[in-house]
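Enquirer: below is the sequence, then the predicted model.
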Amino acid sequence: MLGRGSVGRELDDRVFKIAGKAKNAIERFGKENVINGTIGALYNEGEKLVNFHTVVETYKNLPSEDIFAYASGITGSEEYKEAVKRIILGRDYNSKFQGHFMEVVATAGGTGAIRNSLKNYLNPGEKILLPELMWDPYKLMAEEVGGSFDTYKLFNENDEFHLENFREKVEELTKEQENVVIMINDPCHNPTGYSLSMEEWKGVIEILEEYAKLKNIILLNDMAYMDFSERDMGEYRKIFKNLSENILVIFLFSMSKSFTGYGLRAGAQLALSTNEDIIKEFENASKFSCRATWSNISRGAMSLLSEIVLDDRKYRKLFKERESYRKLIKERAEIFLKEAKDVDLKTYPYKDGFFITIPIENNIEEVVESLERENIFTIVLEKGIRLGVCSVPKKKLFGLSKKIKLYMK
Ligand SMILES: Cc1ncc(COP(=O)(O)O)c(C=O)c1O
């Protein structure tokens, strides 16, 4: 019965299965006896989902028509677009990016931003270049729009961003394809928690400039976890100034983590270019995709974001609140990583963000089974396990590295 393109399509629900196992264990043995490292959302030390106070209060005080009415435009309200520009490019974006062109399109979550970008820039039959370790839905979205993917190695032997492999892969795709669409999930990469240094970002742009002489380069920067990084945003923004016309940068924004607004399903694409026509066609095609997929997004979510971001006092309040949780995650990560170092347990290079990943080359199934027998649940990757330091309280992290190391032996 399925249409030809959809035959055989089924979602691999491994992640949900493991999360289900953790939930069952909590019901059977009690929360205090289970370590649930599968969660990808922010939880406090009492293991409760965090909803930022500033966000909840602002949302509750929105007039009801601002929640229930349709949004004012297909690509989002003007206030929302302004707020997204300020978040990503800074409040002085007009002067800092003089001579540049930009447009924001509101999307259904960060997921919608990725999907819209792939729909309009990945040619059918062509490959998107993804990181070797990644948030898996990238692959699904590439397939959905008739494309496929290739991957670049993330780290070299010094645990730095593997610029050489990145170059090789960009070169390969430049030879084979019309458009080269590249995903960089940064900062706070999921699943490793890596964030590129400014030097590494400069290296990436140098490579892109070189190959942009030959083909169109579309750089997608997935920033879903941007507010949990220590990054100097001023320095980071400079990297994207005055790029050549053949490079289109699309920043992929999400309200899920930064505003603890996971279920509100709001995000955005922000396209930046030195060519006005490229931005015009971005807006036209993205608007078409929005209308053909979800029409317009939640008015309440957009009002919420702009109410906070365009009001200095509220935005400062949110910033302070979020910072306290960013520091909490950092403390949790430090507990785990210090002990990992003590027992010689290798992790991928973690800088900041929600997750730490431990590479496991050989006996991964045995390790996972042993951990689960002890009521320790993690997300199982092909060659490693991902631990959510966004949700596991500090007291449960003491001794965890040692256990993982033990089972790996
Ligand atoms: C790396 C990454 N990108 C994008 C998203 C999309 O988030 P959402 O669609 O909830 O905004 C997620 C969510 O977990 C993610 O981990």
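Expert: In hand now; what should we look at?
Enquirer: quick one: the strands in this protein?
Expert: Along the chain, counting by DSSP state E, strands occupy 35-36, 101-107, 127-131, 148-152, 179-185, 216-222, 247-254, 267-273, 355-359, 376-377, 379-381, 384-388.
Enquirer: report the backbone C-alpha coordinates of the second one in PDB.
Expert: Yep, that's strand 101-107 we're talking about. Provided in PDB are the C-alpha atoms of strand 101-107 (Å, rounded to 0.1, in the frame of the first residue of the first chain):
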ATOM      1  CA  PHE A 101      22.200  39.800   3.900                       C
ATOM      2  CA  MET A 102      20.200  37.700   6.300                       C
ATOM      3  CA  GLU A 103      16.800  36.200   6.700                       C
ATOM      4  CA  VAL A 104      15.100  34.200   9.500                       C
ATOM      5  CA  VAL A 105      12.500  31.500   8.900                       C
ATOM      6  CA  ALA A 106      10.600  30.200  12.000                       C
ATOM      7  CA  THR A 107      10.500  26.400  12.000                       C
END
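Enquirer: direction included, what does it pair against?
Expert: On the basis of DSSP bridges, the sheet neighbours of strand 101-107 come out as strand 267-273 (antiparallel).
Enquirer: OK, contacts around the closest residue to the ligand within the chain?
Expert: Residue of the chain nearest the ligand, by C-beta to the nearest ligand atom: Gly109 (2.8 Å). The way it works is simple: take the backbone N, C-alpha and C, and place the C-beta from them, glycine included. For Gly109, the contact set (C-beta atoms under 8 Å, 6 or more residues apart in numbering) comprises 254-256, 265-267.
Enquirer: now the strands of the chain as a markdown table including distance to the ligand and mean pLDDT?
Expert: What follows is the strands of the chain, written out as a markdown table (distance: least, C-beta to the nearest ligand atom, whole Å; pLDDT from 0 to 100):
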| stretch | distance to the ligand | mean pLDDT |
| --- | --- | --- |
| strand 35-36 | 16 | 96 |
| strand 101-107 | 9 | 98 |
| strand 127-131 | 10 | 98 |
| strand 148-152 | 15 | 98 |
| strand 179-185 | 5 | 98 |
| strand 216-222 | 5 | 98 |
| strand 247-254 | 3 | 98 |
| strand 267-273 | 5 | 98 |
| strand 355-359 | 9 | 98 |
| strand 376-377 | 18 | 97 |
| strand 379-381 | 11 | 94 |
| strand 384-388 | 11 | 97 |
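Enquirer: any idea how far stretch 275-289 is from the chain center?
Expert: Put simply, stretch 275-289 sits 23 Å off its chain's centre (C-alpha atoms, centre = their mean, to the nearest Å).
Enquirer: actually stretch 251-259, not the one I wrote
Expert: Chain-centre distance of stretch 251-259: 8 Å, with C-alpha atoms, centre = their mean.
Enquirer: ok, and what's touching it?
Expert: Against stretch 251-259 from outside (C-beta under 8 Å, 6+ apart): 41-42, 52, 55, 84, 87-88, 109-111, 113-114, 117, 220-228, 261-262, 264, 266-272, 301, 304-305, 308, 318, 322, 354.
Enquirer: can you tell me which of these are buried?
Expert: Among these, the ones that count as buried by 16 or more other C-beta atoms under 10 Å are 42, 52, 55, 84, 87-88, 109-111, 113-114, 117, 220-228, 261-262, 264, 266-272, 301, 304-305, 308, 318, 322, 354.
Enquirer: among the residues you listed, name the ones in helices.
Expert: Under the assignment DSSP state H, the buried ones among the contacts of stretch 251-259 contribute 55, 84, 87-88, 109-111, 113-114, 117, 301, 304-305, 308, 318, 322 to helices.
Enquirer: between which two of those is the distance greatest?
Expert: The span of those, defined through C-beta to C-beta, is set by Ser117 and Leu318 at 27.0 Å.
Enquirer: how about the residues of the stretch 101-250 of the chain near the ligand?
Expert: 109-111, 135, 185, 190, 222, 224 (C-beta under 6 Å from any ligand atom).
Enquirer: give me the neighbour count for Gln209.
Expert: One correction, residue 209 is Glu, not Gln. Per other C-beta atoms under 10 Å, the neighbour tally for Glu209 reads 14.
Enquirer: quick one: residues contacting the nearest residue to it once chain neighbours are set aside.
Expert: Distance criterion C-beta to C-beta, 6 or more residues apart in numbering; nearest residue to Glu209, sequence neighbours excluded, is Ser244 at 6.1 Å. Going by C-beta under 8 Å, 6+ apart, Ser244 touches 209, 212-213, 274.
Enquirer: restricted to buried residues, select the residues you listed in ChimeraX.
Expert: Applied in ChimeraX, the following selects the buried portion of the contacts of Ser244 according to 16+ other C-beta under 10 Å:
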select :212,274
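Enquirer: so where's the chain uncertain?
Expert: Within the chain, no stretch has pLDDT under 70.
Enquirer: care to break it down by domain?
Expert: Using automatic domain parsing, the domain parsing of the chain gives 4-53+315-408, 70-310.
Enquirer: just name the most buried of these.
Expert: Of all those, domain 70-310 has the most neighbours on average by mean count of other C-beta atoms under 10 Å, namely a mean of 19.
Enquirer: got the end-to-end distance for that one?
Expert: Terminal residues of domain 70-310 lie 21 Å apart, using C-alpha to C-alpha, to the nearest Å.
Enquirer: re the thing from before, in a markdown table, list the domains of the chain along with distance to Asn61.
Expert: Formatted as a markdown table, the domains of the chain follow (distance: least, C-beta to C-beta, whole Å):
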| stretch | distance to Asn61 |
| --- | --- |
| domain 4-53+315-408 | 12 |
| domain 70-310 | 8 |
